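**Student:** Below is the sequence, then the predicted model.
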There are 2 protein chains.
Amino acid sequence: MAVARTSIKDRVAPDAYRRLREGIISGLFHPNERLVEASVAIRLEVGRTAVRAALVRLDQEGLVTLEPNRGARVRLISDREALEIEEVRATLEAMLARRAATRVTAADLRELRQMVLEMRLRVDKNDAVGYSALNAPFHQRIWLAADHPTTSRLVGSLKSQSIRLQYQTILRPGRTERSLREHEAIFAALKSHDPDGAESAMREHLVEVLETLQWAIDGQRRAPRWLPG
Amino acid sequence: MAVARTSIKDRVAPDAYRRLREGIISGLFHPNERLVEASVAIRLEVGRTAVRAALVRLDQEGLVTLEPNRGARVRLISDREALEIEEVRATLEAMLARRAATRVTAADLRELRQMVLEMRLRVDKNDAVGYSALNAPFHQRIWLAADHPTTSRLVGSLKSQSIRLQYQTILRPGRTERSLREHEAIFAALKSHDPDGAESAMREHLVEVLETLQWAIDGQRRAPRWLPG
DNA sequence: AGTAGCCGAATTGTCGACATTATTGAGGAT
DNA sequence: ATCCTCAATAATGTCGACAATTCGGCTACT
């Protein structure tokens, strides 16, 4: 059989943090699930020490809650908190868009244009998930153009916390069409180096997202439980 | 002599993180200073394990940089980064002020009014440091009124990173007078429940702070080193 | 029947020992 | 003199063992 010589620390140990993080974000570990150090260590094929360090880090990052002597759980973001996070994100991304408008290079614009075109393509093909996959890269490209690493890091961290509800927002009928137009508006503003335009376009876009989120929350408040009879 | 029965873990261990953090913020550990686990452990009278955990957490928080196999240092925030942080803070606090304007209770206003009066008092007494000490609580009181814990936490964390330059901003001649008037303007806007007014007053205030910061940076770029002869 | 208190399993917290990795400095060859 | 090699040192990374804590269930007593 031989589990190969990948014997627990070929070079896996260093990124126990990254892998656990990925596991949480991807939903492999469910919200509120207990994370027992020993079990996780076995599952990830790393030592308990590494898991411990990862948990501390994830706690600080907000993806995990760590209570003294009582262990760790995948942090369950409340609905209210999810909305708050989205609100902050909107504020910061609007600021980034503003900055980006005055700094985009030709290369930036070329790439962004490419992305928007690809998005349009997928929407026309009714490929909602495919479209949604381009969403994050598009935004990130704007962050890059804004040249503001501090904020970028912050927004990135926020985003990872609110993934849970992200999936459901895709499902809203007619949302992709609208989302695409918003993205196109943002691109247009950036292209014409219009800070006010970019900021407000981004803000409008994220207000939309926020409303969709609210819609998703309302929806799930009913759906998940039918009492028998 | 007897260092008392505080024998290394009476109940000190749990907050090694807090103490190390405090030490960094208060300047007890200098920027760029190496933090050797063993030494810190002795100095804080805790085990190396606790120090390790604290370092990981502080790294995630941005107060310390942690390089694999090369140890930890107190993070030195570059001038550029300090400005970026202040910029983010301005954006977020402006948003908080806006929210606060629509939610301040009578009790909030009473407390804020008290603070502003006390500030006025100290400025009139030419007590710059005394005035400056009231600054943080005033802002925090507004965060509380805004009722947006996510953002409050974020802004608090940002603030701790940029302490280094904070001191020098006090020294700017005529700054306190001006700062006081800005605070009074913010209070007035909150009192009349004017979101736009509160947001812009806060933004103006923080733009002022940002400029002062820039001034301090420029100042220190010359001051700290005279070559002999 | 109800409740206080107590055992025991499971899990976290801490320590000490040791392996691993960077760093420094001395010595030697070119 | 300069560069290279290689030990000596110092610090970090990891593991295993054990102490401390929590929690669930069980008993004993009223």
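**Tutor:** Arrived safely, thanks for sending.
**Student:** Return the nearest residue of chain A with respect to DNA strand D.
**Tutor:** A:Gly47 (1.8 Å; CB to the nearest atom of the strand). Every residue, glycine included, has its C-beta placed from N, CA and C.
**Student:** right, and that residue touches A:Ala41 too?
**Tutor:** Yes: contact criterion CB atoms under 8 Å: A:Gly47 and A:Ala41 qualify, at 6.1 Å.
**Student:** more crowded one of these two?
**Tutor:** Using other CB atoms under 10 Å in any protein chain shown as the criterion, A:Gly47 and A:Ala41 rank with A:Ala41 on top: 19 against 15.
**Student:** State which one residue of chain A is found closest to DNA strand C.
**Tutor:** The minimum distance from chain A to DNA strand C, using CB to the nearest atom of the strand, falls at A:Gly71 (3.1 Å).
**Student:** So the helix ranked longest in chain A, near chain B or not?
**Tutor:** Using DSSP state H, we find that the single longest helix of chain A is helix A:195-222. No: remark: helix A:195-222 sits outside contact range of chain B, by CB under 8 Å from any CB of the partner chain, the gap being at least 10.9 Å.
**Student:** before we move on, back to that, check contacts around the residue of chain A closest to DNA strand C.
**Tutor:** A:34-37 (CB atoms under 8 Å, 6 or more residues apart in numbering or on different chains).
**Student:** show me where pLDDT drops low in chain A?
**Tutor:** Low-confidence segments of chain A (pLDDT under 70): A:1-14, A:224-229.
**Student:** then the strand or helix carrying A:Gly130 to PDB, C-alphas only?
**Tutor:** Element membership for A:Gly130 (DSSP states H and E) is helix A:128-146. Extracted C-alpha coordinates of helix A:128-146, given in PDB (Å, rounded to 0.1, in the frame of the first residue of the first chain):
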ATOM      1  CA  ALA A 128     -24.500  31.800 -14.700                       C
ATOM      2  CA  VAL A 129     -21.800  29.900 -12.700                       C
ATOM      3  CA  GLY A 130     -19.200  30.600 -15.400                       C
ATOM      4  CA  TYR A 131     -20.000  34.200 -15.200                       C
ATOM      5  CA  SER A 132     -19.900  34.300 -11.500                       C
ATOM      6  CA  ALA A 133     -16.400  32.800 -11.600                       C
ATOM      7  CA  LEU A 134     -15.100  35.800 -13.400                       C
ATOM      8  CA  ASN A 135     -16.500  38.200 -10.800                       C
ATOM      9  CA  ALA A 136     -13.700  37.900  -8.300                       C
ATOM     10  CA  PRO A 137     -10.900  38.300 -10.700                       C
ATOM     11  CA  PHE A 138     -12.500  41.400 -12.200                       C
ATOM     12  CA  HIS A 139     -12.700  43.100  -8.900                       C
ATOM     13  CA  GLN A 140      -9.200  42.000  -7.900                       C
ATOM     14  CA  ARG A 141      -7.900  43.500 -11.100                       C
ATOM     15  CA  ILE A 142      -9.400  46.800 -10.100                       C
ATOM     16  CA  TRP A 143      -7.800  46.600  -6.700                       C
ATOM     17  CA  LEU A 144      -4.500  46.100  -8.400                       C
ATOM     18  CA  ALA A 145      -4.900  49.100 -10.500                       C
ATOM     19  CA  ALA A 146      -5.900  51.200  -7.400                       C
END
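**Student:** which one is A:Ala90 nearest to, not counting chain neighbours?
**Tutor:** A:Leu206 (3.6 Å; CB to CB, 6 or more residues apart in numbering or on different chains).
**Student:** Please point out which parts of whichever helix or strand A:Leu92 is part of sit buried.
**Tutor:** Using DSSP H and E, A:Leu92 falls within helix A:79-103. Buried residues in helix A:79-103, counted by 16 or more other CB atoms under 10 Å in any protein chain shown: A:81-101.
**Student:** hang on, isn't A:His139 packed against A:Ala90?
**Tutor:** No: if you go by CB under 8 Å, A:His139 and A:Ala90 don't touch, sitting 11.6 Å apart.
**Student:** ok, so what distance separates the residue of chain A closest to DNA strand D from A:Ala16?
**Tutor:** Between A:Gly47 and A:Ala16 the computed distance is 8 Å (CB to CB, to the nearest Å).
**Student:** residues touching A:Ser160, list them.
**Tutor:** Residues near A:Ser160 by CB under 8 Å, 6+ apart: A:21, A:25, A:61, A:63.
**Student:** secondary structure element for A:Leu55?
**Tutor:** For A:Leu55, the host element (DSSP H and E) is helix A:48-61.
**Student:** list the helices and strands that helix packs on?
**Tutor:** helix A:16-25, helix A:37-44, strand A:64-67, strand A:71-74, helix B:48-61 (3 or more CB pairs under 8 Å, 6 or more residues apart in numbering or on different chains; DSSP states H and E).
**Student:** Quick one: name the residues of chain A near chain B.
**Tutor:** A:14, A:52-53, A:56-57, A:59-61, A:68, A:81, A:84-85, A:87-88, A:91-92, A:95, A:148-151, A:154.
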